[in-house]
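Novice: need coordinates for the following:
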Amino acid sequence: MFRIARVALAATASLIAMPLAAAPLSAEESQALREEVRALQARLAAIEARLGEAPPGAAPAAASAPAVTAAAAASAPATAIGWKGSPQFTSDDRSFKVKGRIQLDAGYVSKPRGIVDRGLGFSNEVRRIRLGGEGKLGSGFGYKLEVELSDNKVGLVDTFVTYDTGPWQVSIGNQNQFQSLDELTGDTTGSLMERAAFTDAFNFERRLGIAVQYHRKDILLQGGVFSDDIDALADSSDGPNGGDENNSFSIDGRAVYAPKLGGTQIHLGGSAHLRMLNRLSDAPTRYRQRPFLHSTNSRILATPNMLVDREFNYGLEVAAIHGRWHTAGEANWLDAIGPGPNSRFFGGYAEVGYFLTDDTRTYRNGIFGGAKPSSPFGKGGIGAIQVNLRYDYLDLNDGAIRGGTQNGWFAGIIWTPVEYLRFNLNYGYLAYTGAAISAGGRTDYGMHVGGARVELDF
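Specialist: Numbering: from 1, shown residues only. A predicted model of the protein is given here:
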């Protein structure tokens, strides 16, 4: 552009100069020509300023800097910010999300006449406070790290590194061992405030290990080898309870078939677990359970101390989701094997749930998920309202070992005003036979329980 403008100016000057050379000009004519030339120069300068171009010689350097900057910006992947209860940052095949959980509980357990246990009656607690993060590092690698405050102590929960390739996933760290549908379903997406009684009584927990999963279409296969939970492996647990003397391990596996039949999601599953206690068998083992609420520490059912050197646990799972309805049931057995008498214990539950609003329960990767309200509160709706009924059975009796039995009937209503926030209200009646805590000499009696929870999960 500079060349064109300057050539035009030179041509104009030449045309002016030609008559000057042909005939002398008067002083007035010379002055007029000079002013015309200055006007042309001013116009050229204005054009240059409008185009933002620099004078010749400096143009290549000035133009190259913006070009390099633009090229660098174009080559860098953009970072997208999404929202899943908290910000999620994604760039190419990498991502990061902050995770957290708050659960606040209050409840009441009726006290049968003759029981002097002060753990019954009203109780409340911060059930869980959890904070952590999860993300993807790129090239198939990912991670999850969560710290939880529960029972007035801080511990690690899901803490592992993963690698995904096609239908396969390998995970190394502190994680669940694929015990049962109810245990694997998140505590903020379950049907009631607490899981089925057998999941606590049989000591289901996260443990340190390596796991492999295969998931393609309707088939999910999970398996792994695990040692013990992180607390039991700590030096502070040295001795018969764990620490560096803890050489216990387990082999765990689970299989799920989850076809979609029309508008119905089906879930059929089974799991098996063999645990060798090894040196941990030097200390006795007990199997116990609270009266539903975690806020009370009274164990109404409890076996005596047992000598156990290995455990074999196996269970069956069945569930279905159809529109507003869902149903689920499990049966689970535990064989406690040792130098003492071998014992077989049993637990199971059956439940049905229905949404009063136009919502449904979600399902993914072999477990239930939470509700995503179709009409959130404050946006033209009231959120999602779900009603659940459950029968919960636990039998800790076998031969000479008498830990008691539980027949529990529960009802719960869950209000989810917006995604990630729930209000959970539960009532239950527990009928015990052979309870570990005597009520005026009686071990057969019933108890009413009621509980409420506010829970935020993001």
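
Novice: I'd say residue 176 and residue 182 touch.
Specialist: No: using C-beta atoms under 8 Å, residue 176 makes no contact with residue 182, being 11.7 Å away. Any C-beta I mention is one placed from the backbone N, CA and C, and that applies to glycine too.

Novice: give me the more crowded residue out of the two.
Specialist: residue 182 (28 against 20; other C-beta atoms under 10 Å).

Novice: so which helix or strand takes in that one?
Specialist: Using DSSP states H and E, residue 182 falls within helix 181-184.

Novice: which residues touch that helix?
Specialist: With C-beta atoms under 8 Å, 6 or more residues apart in numbering as the test, helix 181-184 has contacts from 176, 178, 190, 195-196, 199, 204, 267, 269, 317, 319, 328, 330, 349, 366-368.

Novice: restricted to strands, list these.
Specialist: 267, 269, 317, 319, 328, 330, 349, 367-368 (DSSP state E).

Novice: residues in contact with residue 185?
Specialist: Counting by C-beta under 8 Å, 6+ apart, residue 185 has contacts 195, 367-368.

Novice: could you work out the most separated pair of the ones in strands among the contacts of helix 181-184?
Specialist: Using C-beta to C-beta, those span at most 15.5 Å, a distance reached by 349 and 367.

Novice: these two: which is more packed in?
Specialist: Using other C-beta under 10 Å as the criterion, residue 349 and residue 367 rank with residue 349 on top: 25 against 20.

Novice: residues contacting the more buried one?
Specialist: Counting by C-beta under 8 Å, 6+ apart, residue 349 touches 182, 196-198, 328-330, 390-393.

Novice: switch to 6 Å and redo it
Specialist: 196, 390, 392 (C-beta atoms under 6 Å, 6 or more residues apart in numbering).

Novice: got a winner among those residues for most neighbours?
Specialist: Greatest neighbour count in these, by other C-beta under 10 Å, goes to residue 196: 31 neighbours.

Novice: closest to residue 359 among the ones in strands among the contacts of helix 181-184?
Specialist: Lowest distance from residue 359 to these (C-beta to C-beta) belongs to residue 368, with 13.5 Å.

Novice: what is the burial count for that closest one?
Specialist: Using other C-beta under 10 Å, the number of residues around residue 368 comes to 23.

Novice: check what pLDDT the closest residue in space to it that isn't next to it in sequence gets.
Specialist: In this structure, residue 368 finds its nearest non-sequential neighbour in residue 185, 4.6 Å apart by C-beta to C-beta, 6 or more residues apart in numbering. pLDDT for residue 185: 98.

Novice: against residue 88, how distant is residue 185?
Specialist: Distance check for residue 185 against residue 88: by C-beta to C-beta, to the nearest Å, it reads 22 Å.

Novice: go on, residue 200?
Specialist: In terms of C-beta to C-beta, residue 200 sits 33 Å off from residue 88.

Novice: and stretch 344-364, what's buried?
Specialist: Within stretch 344-364, the residues that count as buried by 16 or more other C-beta atoms under 10 Å are 345-353, 355, 357, 359-361, 363.

Novice: and the residues you listed, which two are the farthest apart?
Specialist: Going by C-beta to C-beta, the pair spanning these furthest: 345 and 357, at 39.1 Å.

Novice: buried sites along the helix or strand encompassing residue 129?
Specialist: Residue 129 belongs to strand 121-138 when assigned by DSSP H and E. Residues of strand 121-138 classed as buried: 123, 125, 127-128, 130, 132, 134-136 (neighbour count, 16+ other C-beta under 10 Å).

Novice: next secondary structure element downstream of that strand?
Specialist: Downstream of strand 121-138, the first helix or strand assigned by DSSP H and E is strand 141-150.

Novice: what sits against residue 112?
Specialist: With the criterion set at C-beta under 6 Å, 6+ apart, residue 112 makes contact with 439, 445.

Novice: how about a cut-off of 7 Å?
Specialist: Going by C-beta atoms under 7 Å, 6 or more residues apart in numbering, residue 112 touches 439, 445, 447.

Novice: confirm that it sits in a helix.
Specialist: No: per DSSP: H, G, I helix; E, B strand; the rest coil, residue 112 lies outside any helix segment and is coil.

Novice: can you list contacts of stretch 334-341?
Specialist: Residues outside stretch 334-341 that contact it (C-beta under 7 Å, 6+ apart) are 202, 281, 285, 306-313, 342-345, 399-401.

Novice: let's go with 8 Å and repeat that
Specialist: Applying C-beta under 8 Å, 6+ apart, the contact partners of stretch 334-341 are 198, 202, 281, 285, 287, 306-313, 342-347, 399-401.

Novice: kindly report the same for stretch 244-255.
Specialist: With C-beta under 8 Å, 6+ apart as the test, stretch 244-255 has contacts from 177-179, 207, 209, 219-228, 232-233, 235, 237-239, 269-280, 366.

Novice: in ChimeraX, select just the buried ones from these.
Specialist: In ChimeraX, a selection of the buried entries from those looks like this (16+ other C-beta under 10 Å):
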select :177,178,179,207,209,220,221,222,223,224,226,227,228,232,233,237,269,270,271,273,274,275,277,279,280,366
